[in-house]
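S.K.: The following comprises the amino acid sequence and a computationally predicted model.
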Amino acid sequence: MINRPPLFVIPRNVDTSVPSQNPLETHVKKEKTMQEQNQVHGVHEIRWQWHTSFSHHWLVSYAKAKKYPELFFIFDRMVDANHTPNLVDMNILVNCFCDMKRLDLAFAVLGGILKRGYDPDCYTFNPLIRALFTEGKAGDAEFLFRKMTHTGISPDICSWSTLIRGLCNCGNVEAAVGIHDANMNGNLCLGLSYRPNLIYYVCLIDGICKHGLMKKAKELFHEMEGQGISPDAYVYSAMIHGLCRIRDFEQAKAFFYHSLDRGIEPNVVTFNNVMDLMCKEGCTDEARGLLDLMSRKGLHPDKHSFSILLNGYFREGRVEEARNLFQVMKRHMVPDNVVFGILIDGYCKNGCLEDAMNLFKSLENFNFELGIKQYTCLLDGLIKARKLELAFNLFNWICHMNLIPDVVTYTIMVDGLCKARRLDHALDLLVEMERNGCFPDVVTLNVLMDSLCENRRTIEAMGLLNLMRKRSLQPNSCTYSTLIKGYCKEGLPEEALKLFQEMKSHDLVPDDVTYTILMDGFCKNGFIEDALCLFETLEKSTNRLNIKHVSCLLDGLFKARRPQLACKLFQRIPYLNLTPDIFTYTIMFDGLCKARRFDLALNLFIEMEKIGVFPDVVTLNVHISSLCNNGRITEAKGLLSIMRKRSLEPNSFTFSTLIKGYCKDGKIEEAWKLFQEMREHNVMPDDVTYALLIDGFCKNGFIEDALYLFRTIENSSSELNIRHVNSLIDGLFKAGNTQLAHKLFQRIPEMDLTPNFSTFSVMVDGLCRAGRLDHAYDLFVEMEKSGFRANSTVNRLLVGYARIEDASKVVELLGKMAERELRLDEYTVSLVAKVLTKVPCFEKFLNLIPQFRV
């Protein structure tokens, strides 16, 4: 007998198991399988009689069933029986190794085919090309395809489908489309051509749709129909999924209903895709109809189907419908963590925090295993609802439960601490986060930077930028905008400009927010020329300038007392192809009124209404405030009437501004009438309103009325605060009632209030004017012990003691002012100099005065 080379023998060490199984378990199963095969087929290790039809039949059966151990067993026995597999058998073996991702063995079998003298065909090469594409070796796959054609093997439609699918999957859609177009135009190389079939179109259309080329996909869809090939469920699904991906709502719906009209039943995944798009477009009711349609067609909605609808209802604020749908879902299946997470998140976002808490507690009571995502949803809801203490307790509970917070959980917690003004705790949490092996991302650091900059700690925020770079994190536009805002807030626009230049050098394009922040920073810090240069740069760039930039510069120009230039810029707005908004008009009103250009402001008001931009409450409040500040209270009251005619509701600021104007004008009775009117219209007076009225009564000599109003506040449900006390004390001093003012100051602890800087300042000033300087000085010492930097109070005391020529106190206070480098005005200098000339060696004290930069 001729000994044939065992080129097709399966190596004994080939792992034919499913990769996820235990190797020992697999080995036992393999041995057991081989023994069972021996018993079933009457196989004996010594001898086995083979028939070609018998072996081929079992190879095909086991290959289709993907029972590779059994298939290899048959090959082993074929070798033992000296039976030579034919090309078909070896092609089956190549295909099996490709399915197992063992390309090395697949190519070994190809070598065996060639050495045996067989001519490989497209059935040999197709699985090899497919496997190469699957492993990401697109170049090798294309080379093998070309090799096949150059050796005279004509690719079949399966070969072309494999090539097209592989090119699309590896992102080379243009090449796939190019091959197809060349074939349809008869321009394929080497005289090759093929007739596309349904499977081919499925591969091509699916690949194109996944890359969002829906225009080409539609062309192919119609081309397919033109060739007499009816699209099946796979083609429609690919088209619908692609259209959903690019959010083409109408077209996706059209293809979906078109498939139903043709009797082609979409699967659950396709239904879910369309439902998801409908919900995102605000058509949740229509999506709910598809859920019912799914059931009528015998399909079973899965958890994802219900999750999509729950998200849709919550997004539309329809909590009750979401609750009812959840009850329907529970009748068909057991909800999982994802569903409960959606419910908790939805309740929180819609203000139903109690429902979220109750659901959370019920899940814990039933020992339902919640994951970190569910805890994070509730944590986020608590922080957004300002239930910060509950959120902090929940976070501590998460750590107690040995759950590992992820970067999202930590970021939410950091944000909560920052909102609670516990910035140092937030920085400590950042350290703890890193200690636990969870490193912050750009979002986490941006949150911290924003809080640091808001608290004028921009240098520390810059330290976080350096940390970002060390961790190879890429700062984004938000990062730089936050830091630029921080520097501008601290009065350092030059540093902000450096960051702006650095941002552009890192190929980050500044957005509208960045430009607005920088321009606002320039204006607020007096760098008007720099703001104008930045504006000019924006004006020259294409489509970068918007009305926010114009409004920001207008505000800056008015604050820099350049109203003429502001008016010129406002007149240029139409030529910049921009339209003023309500914010722009509000700035113009405020600026013109402060510049005492009331006629222009009135003309602007009329112009504004002509073009259909109607003032809101904020705009009218600005106008009322400006008129009141300039003593034009009658005109300001007229705007209140206009407000009501326009069905705009005046707020507490509106009434408080008018009350302040009447008090300033000495019309205290009109102010009191307006106060009564305010309450009649259910506008609750705030602490500012009460403080203004008390101050108005006092300044106009109505002390008894001020005391009556104060007692009313004290005895009512209205919250008495230190501002009311300060106003009354100041009024009593100005009315000459020093004793009553002092008694009221002594009663402050009884009212559960704490004196603030204004309280001490009013008391010291009042006592100085009343000539009770020793009491004023004692209060000044108490003020400094309480942590208040009483700079302005020192000057008042100095003037008081200079008037009574108390030289020792003058010298002492002069020393305090010298330590603090405080300035003296001309009047104070003349008083102090007069006192010091009567002191021995007065020259040395007089020499201190120039150090005060008089």
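M.R.: Perfect, I can see it now.
S.K.: Can you name the helix or strand that the spatially most central residue of the chain falls in?
M.R.: Nearest to the mean C-alpha position of the chain, by Cα atoms, centre = their mean, lies residue 443 at 8.6 Å. Here residue 443, judged by DSSP states H and E, is contained in helix 442-454.
S.K.: just how off-centre is the helix or strand following that helix within its chain?
M.R.: The helix or strand immediately downstream of helix 442-454 is helix 458-470, counting by DSSP H and E. Relative to its parent chain, helix 458-470 has a centroid offset of 21 Å by Cα atoms, centre = their mean, to the nearest Å.
S.K.: Tell me what angle the helix or strand just after helix 458-470 forms with helix 442-454.
M.R.: With elements assigned by DSSP H and E, the helix or strand that comes after helix 458-470 is helix 477-489. Helix 477-489 runs at 10 degrees relative to helix 442-454, counting by axes from the mean of the first three to the mean of the last three Cα atoms, to 10 degrees.
S.K.: which residues are contacting helix 477-489?
M.R.: Helix 477-489 is contacted by residues 442, 445-446, 449-450, 452-454, 456, 458, 461-462, 465, 468, 493, 495-496, 499-500, 502-503, 508-511, 513-514, 517-518, 520-522, 524-525 when judged by Cβ atoms under 8 Å, 6 or more residues apart in numbering. (Glycine included, C-beta is placed from N, CA and C.)
S.K.: for the helix or strand following it, the distance to its chain's centre please.
M.R.: Toward the C-terminus, helix 477-489 is succeeded by helix 493-505 as the next helix or strand (DSSP H and E). Chain-centre distance of helix 493-505: 24 Å, with Cα atoms, centre = their mean.
S.K.: Check stretch 244-258 too.
M.R.: Relative to its parent chain, stretch 244-258 has a centroid offset of 28 Å by Cα atoms, centre = their mean.
S.K.: Check the contacts of helix 477-489 for burial and list the buried ones.
M.R.: Neighbour counting by 16 or more other Cβ atoms under 10 Å classes 442, 445-446, 449-450, 452-454, 458, 461-462, 465, 468, 493, 495-496, 499-500, 503, 508, 510, 514, 517-518, 520-522, 524-525 among the contacts of helix 477-489 as buried.
S.K.: Run through the helices of the stretch 301-450 of the chain in chain order.
M.R.: 303-315, 319-332, 337-349, 353-365, 372-384, 388-400, 407-419, 423-435, 442-454 (DSSP state H, counting those that start in this stretch).
S.K.: returning to that earlier point: which outside residues touch the helix holding residue 443?
M.R.: Contacts to helix 442-454, defined as Cβ under 8 Å, 6+ apart, come from residues 407, 410-411, 414-415, 418, 423, 426-427, 430, 433, 458, 460-461, 464-465, 467-468, 473-476, 478-479, 482-483, 485-486, 489.
S.K.: repeat for stretch 101-110
M.R.: Against stretch 101-110 from outside (Cβ under 8 Å, 6+ apart): 8, 11, 14, 90, 93-94, 97-98, 120, 124, 127-128, 131-132, 134-135.
S.K.: Kindly give a single ChimeraX line that selects the buried subset of those residues.
M.R.: ChimeraX command restricting the contacts of stretch 101-110 to the buried ones, with burial defined by 16+ other Cβ under 10 Å:
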select :8,90,93,94,97,98,120,124,127,128,131,132,134
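S.K.: Tell me which of the contacts of stretch 101-110 fall in helices.
M.R.: Here DSSP state H is the test, and the contacts of stretch 101-110 give 90, 93, 94, 97, 98, 124, 127, 128, 131, 132, 134 as lying in helices.
S.K.: Tell me which two in those residues are the farthest apart.
M.R.: In these, the most distant members under the criterion Cβ to Cβ are 90 and 134, with 20.9 Å between them.
S.K.: circling back to that earlier point, how much space between the residue nearest to the centre of the chain and residue 148?
M.R.: Residue 443 sits at a distance of 51 Å from residue 148 (criterion: Cβ to Cβ, to the nearest Å).
S.K.: Show me the shaky parts of the stretch 1-150 of the chain.
M.R.: 1-56 (pLDDT under 70).
S.K.: Apply 80 and report the result again.
M.R.: Counting by pLDDT under 80, the ranges of the stretch 1-150 of the chain that qualify are 1-63, 68, 70-72, 74-85.
S.K.: Count the residues that sit near the closest residue in space to residue 382 that isn't next to it in sequence.
M.R.: Excluding the flanking residues, the one nearest residue 382 by Cβ to Cβ, 6 or more residues apart in numbering is residue 391, at 3.9 Å. Using other Cβ atoms under 10 Å, residue 391 has 24 neighbouring residues.
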